[in-house]
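Chemist: any chance you can model this:
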Amino acid sequence: SYEITIEIPEGYPAKGVEDLNKTVSNDAGSFNSSAAMNGQSVTIAVKRSFTRNFEPAANWEKLVTLLDAVYEFNNKKILLEKKK
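Modeler: Modelled structure (predicted):
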């Protein structure tokens with residue numbers, strides 16, 4: 001589990017925060033990320049867990065689904081664009 005807080009400078013609204021919200025859960029485990037604006041800061045909470053230490057090959061697609069969610073999250077960005 002991780003919780004990250006990013007202070008946003010005055011005059012720079014954050015765009016894309018809502019794109020960081022994602023929940024994926026199946027028999028192999030779960031991935032949950034949530035982000036919210038709190039005044040002049042963005043708080044991001046991420047939790048990844050696996051149900052078992054070993055998964056049979058038959059569950060490979062379930063693991064890939066979780067890993068794809070993590071990969072997509074890692075490629076998300078928050079844009080800070082100066083107000084005009």
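Chemist: how about the residue most central in space within the chain, secondary structure?
Modeler: The residue at the geometric middle of the chain, judged as the C-alpha nearest the mean C-alpha position with Cα atoms, centre = their mean, is residue 33 (3.6 Å). For residue 33, the assignment made with DSSP: H, G, I helix; E, B strand; the rest coil gives strand.
Chemist: contacts only, for it.
Modeler: For residue 33, the contact set (Cβ atoms under 8 Å, 6 or more residues apart in numbering) comprises 20-23, 44-47, 73. Bear in mind the C-beta positions are built from the backbone N, C-alpha and C, glycine included.
Chemist: which members of the residues you listed occur in strands, if any?
Modeler: Filtering the contacts of residue 33 for membership in strands, criterion DSSP state E, returns 22-23, 44-47.
Chemist: which of these lies closest to residue 59?
Modeler: Residue 59 lies nearest to residue 23 out of these, by Cβ to Cβ, at 19.3 Å.
Chemist: apart from its neighbours in sequence, what residue is nearest that closest one?
Modeler: Once flanking residues are discounted, residue 23 sits nearest to residue 32: 4.9 Å by Cβ to Cβ, 6 or more residues apart in numbering.
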